[in-house]
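Peer 1: Sequence first, then the predicted structure:
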Amino acid sequence: MDVPDDLRYSDDHEWLRTDGADGLVGITRYAADELGDVVFVELPAVGRTLARGETFGVIESVKTASDLYSPISGEVLEVNDALGASPELVNEDPYGQGWIVRLRLADPSEAELLRDAAGYRSLIGD
Amino acid sequence: MAYQAHTDADRQRMLDALGITSVDTLFADIPESVRATGLDLPDPEPELLVQRRMTELAARNRVDLVSFLGAGVYQHHIPAVVDAILSRGEFMTAYTPYQPEISQGTLQTIHEYQSMLAELTGLPVVSASHYDGAAATAEAALMTIRATGRNRVLASRAIHRHYLDTTRTYLGGRFELDLLPTSPDGTTDLAALERALAETDRPVAGVLVGQPNVFGVLEPVGDVVRLAHAAGALAVSVVEPVSLAVLATPGEVGADIAAGEGQPLGIPAQYGGPYLGILATTETLTRQLPGRLVGRTLDVDGRRAYVMTLRAREQDIRRDRAASNICTNQALCALAATVYLATLGPHGLRDVARGGAAAARRLERALADVGIERIHTGAYLNELTVRVPDARAVHMRLLGEGILAGLPLADWYPDDPDLADALLLCATELTTDGDIDRLAGALARHHPVAA
Amino acid sequence: MSARPDTGGDAVARPIDIGLIDRVTDDGSLGPRRAVGASLQPTLAELSVPGRRTDQVPHPPADALAGIPDDLLRSSAPALPELSEPQVMRHFTNLSHLNHSIDGGFYPLGSCTMKHNPRVNETAARLPGFARLHPLAPDTLAQGTLELLWELQGMLSEVAGMAATTLQPAAGAHGELTGILVIRAYHRARGDVDRDEVIVPDSSHGTNPATASMAGFRTVTIPSAPDGGVDLEALRGALGPRTAAVMITNPSTLGLFERRIVEVLEATHAAGALAYMDGANMNAIMGRFRPGAASFDVMHLNLHKTFSTPHGGGGPGAGPVAVAAHLVPFLPAPLVVRETDGTFRLERDGERPGSIGRVRAYQGSVGVLVRAYAYIRTHGGPGLCRVTDDAVLAANYLRQRVGEAWDLPYAGPCKHEFVASGARLRRETGVRTLDVAKRLIDHGYHPPTVYFPLIVEECLLIEPTETETLADLDAFAEALLAVAREAHEQPELLHEAPLTTPVRRLDEATAARRPELRWRPMTGAETPCPQ
């Protein structure tokens, strides 16, 4: 299973890539595969403040709908508008073009609370 | 006994296979204290007797009167092909097209329904149908609330009384519903609308207006839309579909949602249903639209095919966070509308709409000749409100002469003195000159002022 | 079989060995039937030719719209298709051939009660006296229908064991909303305004929690016990002063009677909450269990399931709601009442001031109600009991036969339906229940409900109903056993299935990502309308 070493992971299958003050969030390859063909991503409003673990959107596949939980606290700086026309990016490139939101982190040290790649691999039994 | 497939020998075979002697064993899991023993109902009857009973009951209804009653349900000519298609077991005895490979008949007809209703309403996204016009209107009000995040809806008081009542039930005290008054010409009072929209502490989610409205009067929907949009609210036009063959469409005038009753499109009156709730909207609001949608796609071999889509909005997946609890649609009623529209075509449907309008104009003139005038001055299509002193009593007396003289509007507006003597009269392409003469003549006799 | 050029494929080209042909000649039995054998159809827009029309109504005079200002008129005629009557007839007839239906074959769709739709009901509903009656016609003109509705209110109340029934709701989910609004009104009328939660088991229909939300309640979901019933401890833990109602489907969506029903009802009432019964599965218990008599407070009945009215490709249905005496004041208006002189009338405005109001226009889907009434008259009390007994016997028999090759996760007896699980089959062969369902289509069957209830892995929910012969039950069992064998021997066949249908598996992902919800571009009427 594709679990990049340079990311942090939540138990809800979101990943976080931090860049100092900012963080990029998406869902993992494992989650994308479990969902199947993603058909729609409901994105939060830019400027919204998210608490760690807060629901910030919904991701739909053909026959399921799942909540998205923020892996870390922060303010939404940017959302991936490309997902509007091409939600399949989540399946095709979950760690790249399939990113979902960019956050201004409230407390970058919260990232330490998330799993590292090895921890996530053990979570999904990989 | 009726419709059951098993002989006693079959039942015995099944019992033997299960190793039991009585079917009672299969109900032993029902606790004894709550077990029932039979039902107190009439005795079974063979088909002949059931048919006789049904014929007797039907004969006790009176459907032979000359009728000017519309008020949301309109009697039209229904082409013979409509029932011929509806009676086909392949349509009638199928269920929800969960398995698209063996449901393309139902799926394609729904797609055709959506396409033709999009053309009629001028709005591109049409649900596969709702229960009826009232429920569709209530759902439209809820859509505006979800889409704007505001919790107050304004509705013209000149929307069908049952639609307003239903909307109030659906909003259920969780959201506000304020009624807008009407002007003497019978249209919604735009100044009152502006004032209501200006209450910035109570922001408005949506404005609902009927077209034509319940008095038969044509509303300035475009103006309502502009005012609503300027205040950040959405606009809902509550429509009658036959009229859309000639009237400016909700899409043309910028409305965000059209809701309405599809009964006039080939569905009999049936004392209230089943009917066809029409709900249409813009592409922007697609995901706020409750209920089924059918989309076009390809199969693995590249053949064009249809399938229920955007399913993840619906109750079976989202459960407590679905846009609505609606599960079924009115597929067979939507099929009736599809066949009706396909048979009439654009010119036939315009003839139906214009035929009603022409008859209503003849009706207005004939009544004016006996001294009965319209109450409102606004333009109308095929329904009009007239003043007849002692309207309720006259309405009753005319029943005895075989005339159903529309609806006494005091039934719906008991507190409005302007409507105490109002009769709401409707004409369609079925209305003949003879019908009009009978009504005018009878009113002249029962109505001393006119005589 | 032929395909239109624009459908982009050759409908005849199919993989060769679909594994069915040999079985037809094998043993001389009836053998499998084909699902549907018809060709795809062009759209109405593609068939349209400008200037073609049928002749349905007279042409009105040219000045018909003279009184209407131009800005209120539409700028161009609607682009509806222009067709001849023979084209219309053929188009829809050919489309009908693409459907599987009860008339055409077995339809064991669990939780939907796909039983035979009697034709005398259709004849009755089409009688002009019923069909042409305007819903606002004065009571004096509607005595026949009013009498029928009054009797039907009573008959459904008897089946439900309740005090009164409203016939207004247009469908099961609409009935649920009505019932929950009635419960809310009841609590509020008692000043009990803090009850804002509705408890549902995790095996419930999705409409239950969706209904609770729509009525402004928070849904509390409780897990099912290992035997499939309500987990009493979980229920007691969830019940409290904020509980407005507990919604129970009985028999459950697993096809099991709720064995602890007495305790469930006692606990619910002890907490001051009301008990709602989802009556979708009433076909299993008519005359054996009367919910009101057992102290349920509210229930809805699905007339298109238990009472044989046609499903119509997804509706219309009807979902009357029956309630116990203490809830009658809150039912939607109007009910039909019988006067002492034997005449019938609708309730007047304000006659029951506690009413929740209207949930729709007019009195109900009366055309559906007429059909259900005819069905009940045909059966009478003993007949409805026989319906239930036969439905349950057939389900248990089929369950036993299916159990020869499929896992049955819950102990019997079942009621009118049962669940089987394809979890082991998936582990052993990689074949999913979806593949099994699609393969059953090749065997001539509508698949059972799959992946519902959500709590059973690789679930098949199978409901045979009382109107299928023993031979049909056996043939379906054989088909399911054959599919299980095929899964082991030729799993790729099942991944590819269905192979005998006019279209095969669809690209549902693209359909949802880029919805094409209408003809595009619009085609059709191009000629100006003659004035």
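Peer 2: Received, thanks.

Peer 1: How is chain B divided into domains?
Peer 2: Chain B breaks down by automatic domain parsing into domains covering B:66-74+B:346-446, B:80-339.

Peer 1: residue contacts, B:Asp418?
Peer 2: Contacts for B:Asp418 (Cβ atoms under 8 Å, 6 or more residues apart in numbering or on different chains) come out as B:Ile375. C-beta coordinates here come from the backbone N, C-alpha and C atoms, glycine included.

Peer 1: and the helix or strand of chain B with the lowest mean pLDDT, anywhere near chain C?
Peer 2: The helix or strand of chain B with the lowest confidence, counting by mean pLDDT, DSSP states H and E, is helix B:315-318 at a mean of 72. Yes - judged by Cβ under 8 Å from any Cβ of the partner chain, helix B:315-318 and chain C are in contact via B:315-318.

Peer 1: among those residues, who's most crowded?
Peer 2: Highest neighbour count within the residues of helix B:315-318 next to chain C, by other Cβ atoms under 10 Å in any protein chain shown: B:Gln315, with 26 neighbours.

Peer 1: residue ranges for the strands of chain B, please.
Peer 2: In chain B, the strands defined using DSSP state E lie at B:66-67, B:125-126, B:152-156, B:176-180, B:206-211, B:234-239, B:257-261, B:277-281, B:294-298, B:304-308, B:383-387, B:403-404, B:407-408, B:422-426.

Peer 1: what's the closest of those to chain A?
Peer 2: strand B:304-308 (9.5 Å; Cβ to the nearest Cβ).

Peer 1: then that closest one to PDB, C-alphas only?
Peer 2: Provided in PDB are the C-alpha atoms of strand B:304-308 (Å, rounded to 0.1, in the frame of the first residue of the first chain):
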ATOM      1  CA  ARG B 304     -25.800   4.600 -24.200                       C
ATOM      2  CA  ALA B 305     -27.600   3.800 -21.100                       C
ATOM      3  CA  TYR B 306     -29.400   5.400 -18.100                       C
ATOM      4  CA  VAL B 307     -28.900   5.000 -14.400                       C
ATOM      5  CA  MET B 308     -30.100   6.600 -11.100                       C
END
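
Peer 1: Just the angle for that strand relative to strand B:294-298, thanks.
Peer 2: 140 degrees (axes from the mean of the first three to the mean of the last three Cα atoms, to 10 degrees).

Peer 1: follow-up on the earlier one: so of the domains of chain B, which one's packed in deepest?
Peer 2: Greatest average neighbour count among the domains of chain B goes to domain B:80-339 (a mean of 24), per mean count of other Cβ atoms under 10 Å in any protein chain shown.

Peer 1: Endpoints of that domain, how far apart?
Peer 2: The first residue of domain B:80-339 is 10 Å away from its last residue (Cα to Cα, to the nearest Å).

Peer 1: and what of stretch B:201-208?
Peer 2: Stretch B:201-208 has an end-to-end distance of 20 Å (criterion: Cα to Cα).

Peer 1: Might you name the residue of chain A sitting closest to chain B?
Peer 2: A:Glu60 (3.8 Å).

Peer 1: For the residue sitting furthest away from the middle of chain A, give me its contacts.
Peer 2: Using Cα atoms, centre = their mean, the residue of chain A lying farthest from its centre is A:Lys63. It sits 20.2 Å away. Shown in contact with A:Lys63 (Cβ under 8 Å, 6+ apart): A:36, B:311-312, B:317, C:451.

Peer 1: residue contacts, C:Pro223?
Peer 2: With contact set as Cβ under 8 Å, 6+ apart, C:Pro223 has these partners: C:201-202, C:231, C:234.

Peer 1: still on that earlier bit, isn't there a helix covering the residue farthest from the centre of chain A?
Peer 2: No - secondary structure of A:Lys63 (DSSP: H, G, I helix; E, B strand; the rest coil): coil, not part of a helix.

Peer 1: one step back: closest to C:Val483 among the residues of helix B:315-318 next to chain C?
Peer 2: Proximity of the residues of helix B:315-318 next to chain C to C:Val483 (Cβ to Cβ) peaks at B:Asp316, which lies at 24.8 Å.

Peer 1: if I look at the closest residue in space to the closest one that isn't next to it in sequence, how far off is B:His130?
Peer 2: With Cβ to Cβ, 6 or more residues apart in numbering or on different chains as the measure, C:Gly206 is the residue that lies nearest to B:Asp316, at 3.9 Å, once sequence neighbours are left out. Look at C:Gly206 and B:His130: by Cβ to Cβ, to the nearest Å, they are 18 Å apart.

Peer 1: Not counting sequence-adjacent ones, nearest residue to B:Cys333?
Peer 2: B:Leu276 (4.1 Å).

Peer 1: What pLDDT is listed against A:Met1?
Peer 2: For A:Met1, the pLDDT comes out at 79.

Peer 1: Does the host helix or strand of C:Ala391 reach chain B?
Peer 2: Element membership for C:Ala391, per DSSP states H and E: helix C:366-402. Yes - judged by Cβ under 8 Å from any Cβ, helix C:366-402 comes into contact with chain B at C:366-368, C:370, C:374, C:376-387, C:389-390, C:392-394, C:396-397, C:400-401.

Peer 1: residues in contact with the spatially closest residue to C:Pro69 that is not a sequence neighbour?
Peer 2: Distance criterion Cβ to Cβ, 6+ apart; nearest residue to C:Pro69, sequence neighbours excluded, is B:Ala379 at 6.1 Å. Contacts for B:Ala379 were tallied using Cβ under 8 Å, 6+ apart; they are B:217-218, C:67-69, C:72.
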